[in-house]
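Peer 1: I'd like to go over a predicted model; first the sequence, then the structure.
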Amino acid sequence: MAKSPTPRQLIVSQPTSPFGEATLTEDQLDRGTTFQEDYMYVDGWSDMLHERDVHVREYKEGTRNGSDIRTLPGNVYLSRCAQVGGAMDAQKLMKAKIKGYRAVDGRPVAQGGDVGRDWLTKIPQGWILQPDNTIRSPAGDLQMMFADQGTAARNHQQKERLWLEQSGNAVPERLGAQADMSGGKEITQKGGNSVVDTPRAAKGNQTK
């Protein structure tokens, strides 16, 4: 009677990528994928948004205090400055300026510009510095704008109140008398707590 072959242990194996195994952590892989696909990525600002999102997730998981969630120094806004056909249109830019936004200055901080600030470490790849020092997207249809923290908080609060009113929900007292044009000054609630404690002004990198 033939002797049965000695069973061999199966080796679990799968093809690797042409470049070998990645050594990045899961968080780093998520960030790399997200930023590679984010054509609106702004060096500095997008990193801040990611950090805040991580903090919010940790807060919801119960591993971070709410007071330790990262706040933002303001809001970077990409405002449309051209029509679909490509013709220049300043209407959206004017609306942004009415809300307290200003054009981002593409010069270094040492020369009076914004490049080098924590929310704009460099001009994003492919974006174009214009002769007037504004920064526009590669297609030229978006202009980078910025609102300081107080202005961003005010805009966020007004937007929240409007949404509550239109949806038929009760407007909390903290929003009752705050929807005024403060000219970008920091708005405070009753008791002295600043609204900028939660300043996620907009999704970030959205266009009007």
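Peer 2: That came through, no problem.

Peer 1: And the strands in this protein, which stretches?
Peer 2: 74-80, 102-103, 128-129, 135-136, 142-148 (DSSP state E).

Peer 1: Go through those and name the closest to Gly66.
Peer 2: Proximity to Gly66 (C-beta to C-beta) singles out strand 74-80 among the strands of the chain, at 20.6 Å. Bear in mind the C-beta positions are built from the backbone N, C-alpha and C, glycine included.

Peer 1: thinking again about what came up before, looking at the strands of the chain, which is closest to Leu93?
Peer 2: With distances scored as C-beta to C-beta, the stretch of the strands of the chain nearest to Leu93 is strand 74-80 (5.5 Å).

Peer 1: got the CA positions of that closest one in CSV?
Peer 2: The C-alpha trace of strand 74-80 is given here as CSV (Å, rounded to 0.1, in the frame of the first residue of the first chain):
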residue,chain,number,x,y,z
GLY,A,74,-10.2,81.4,9.5
ASN,A,75,-11.6,80.0,6.3
VAL,A,76,-10.0,79.5,2.9
TYR,A,77,-12.6,79.8,0.2
LEU,A,78,-12.3,79.1,-3.5
SER,A,79,-14.6,81.6,-5.2
ARG,A,80,-15.6,81.2,-8.8
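
Peer 1: Strand partners (parallel or antiparallel) of it?
Peer 2: Strand 74-80 has its sheet partners listed here by DSSP bridges as strand 142-148 (antiparallel).

Peer 1: Identify the bridge partners of the spatially closest residue to Arg102 that is not a sequence neighbour.
Peer 2: Distances taken as C-beta to C-beta, 6 or more residues apart in numbering place Phe146 nearest to Arg102, at 6.1 Å, with adjacent residues excluded. Following DSSP bridges, Phe146 is listed with bridge partners Val76, Arg102.

Peer 1: Going along the chain, name the helices of this structure.
Peer 2: With DSSP state H as the criterion, the chain has helices at 26-37, 45-61, 91-98, 149-166, 173-176.

Peer 1: Go through the ones you listed and pick out the most buried.
Peer 2: helix 149-166 (a mean of 18; mean count of other C-beta atoms under 10 Å).

Peer 1: Tell me what angle it forms with strand 74-80.
Peer 2: On the basis of axes from the mean of the first three to the mean of the last three C-alpha atoms, to 10 degrees, helix 149-166 is oriented at 70 degrees to strand 74-80.

Peer 1: May I have the residues that are in contact with the nearest residue to Tyr101 once chain neighbours are set aside?
Peer 2: Once flanking residues are discounted, Tyr101 sits nearest to Met145: 4.1 Å by C-beta to C-beta, 6+ apart. Residues in contact with Met145 (C-beta atoms under 8 Å, 6 or more residues apart in numbering) are 76-79, 93, 96, 101-104.

Peer 1: cool, and Asp43?
Peer 2: By C-beta under 8 Å, 6+ apart, the contact set of Asp43 is 120-124.

Peer 1: just curious, which of those residues is nearest to Gln158?
Peer 2: Closest to Gln158 out of the contacts of Asp43 is Leu120 (25.2 Å), distances taken as C-beta to C-beta.

Peer 1: can you tell me which residues contact Trp127?
Peer 2: Residues in contact with Trp127 (C-beta under 8 Å, 6+ apart) are 135-138, 144.
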